[in-house]
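In: sequence-free structure coming up:
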């Protein structure tokens with residue numbers, strides 16, 4: 001076992017279809033990743049907030065761009081951005097020559113947190129590779145990157 005609170009036993013996984021297998025594994029690694037962060041940091045960051053931070057990292061997108069490219073409701077995105085801003089992880093600024101648009105970027109603290117979390121995720125990936133093999137992890141990543149035509 002790689003992490004915490006295994007959702008489903010291996011025998012139960014054998015009977016799941018592709019969609020449910022992806023869902024089970026996604027939930028498991030997200031939970032482990034979130035716990036790893038929260039065990040070492042005093043700043044709680046939800047998975048949705050990480051999702052937004054990933055879209056903003058090393059960029060300055062407009063909030064409207066984020067709302068169109070993140071699979072979260074517009075209202076929830078605004079709430080998460082407000083929360084991230086209150087934690088000192090992002091700042092919202094006016095877009096030059098545009099009074100309507102606002103852009104978002106990570107603060108120095110936000111970038112530091114993002115990079116620390118990336119290192120934690122790399123450790124988790126390494127643990128998975130130790131369990132199932134580095135080649136299997138690379139094959140899985142390649143398959144997930146393919147255009148599935150759906």
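Out: Thanks, I have it. As the structure is a prediction and not an experimental result, all values here were calculated from the model. Numbers count the residues shown, from 1 in each chain.

In: What is the lengthiest helix in the chain packed up against?
Out: Of all the segments of type helix in the chain, defined by DSSP state H, the longest one is helix 108-132. The criterion is 3 or more C-beta pairs under 8 Å, 6 or more residues apart in numbering; DSSP states H and E, and the helices and strands that helix 108-132 contacts are helix 18-40, helix 47-56, helix 134-145. Using the backbone N, CA and C atoms, a C-beta is placed for each residue, glycine as well.

In: tell me the angle the shortest one makes with helix 108-132.
Out: When you say that, I think you mean helix 47-56. Here helix 47-56 points in a direction 110 degrees away from that of helix 108-132 (axes from the mean of the first three to the mean of the last three C-alpha atoms, to 10 degrees).

In: Return the set of buried residues in helix 47-56.
Out: 48, 49, 50, 51, 52, 53, 56 (16 or more other C-beta atoms under 10 Å).

In: Please list the residues outside the lowest-mean-pLDDT helix or strand in the chain that contact it.
Out: When each helix and strand of the chain is scored by mean pLDDT, DSSP states H and E, helix 10-13 comes last, with a mean of 76. Around helix 10-13, the neighbours that count as contacts under C-beta atoms under 8 Å, 6 or more residues apart in numbering are 21, 24.

In: Which residue of this protein lies farthest from its centroid?
Out: Ranked by distance from the centre of the chain (C-alpha atoms, centre = their mean), the top residue is residue 97, with 31.9 Å.

In: mind listing what it touches?
Out: Contact criterion C-beta under 8 Å, 6+ apart gives no residues in contact with residue 97.

In: how close does the closest residue to residue 38 other than its chain neighbours get to residue 89?
Out: Nearest non-adjacent residue to residue 38, counting by C-beta to C-beta, 6 or more residues apart in numbering: residue 44, 6.1 Å away. Taking C-beta to C-beta, to the nearest Å as the measure, residue 44 falls 11 Å from residue 89.

In: Among the two, which residue is more densely surrounded?
Out: Comparing residue 44 with residue 89 by other C-beta atoms under 10 Å, the one with more neighbours is residue 89, at 24 against 11.

In: Hmm, residue 108 and that one touching each other?
Out: No. Using C-beta atoms under 8 Å as the test, residue 89 is too far from residue 108 to be in contact (9.9 Å).
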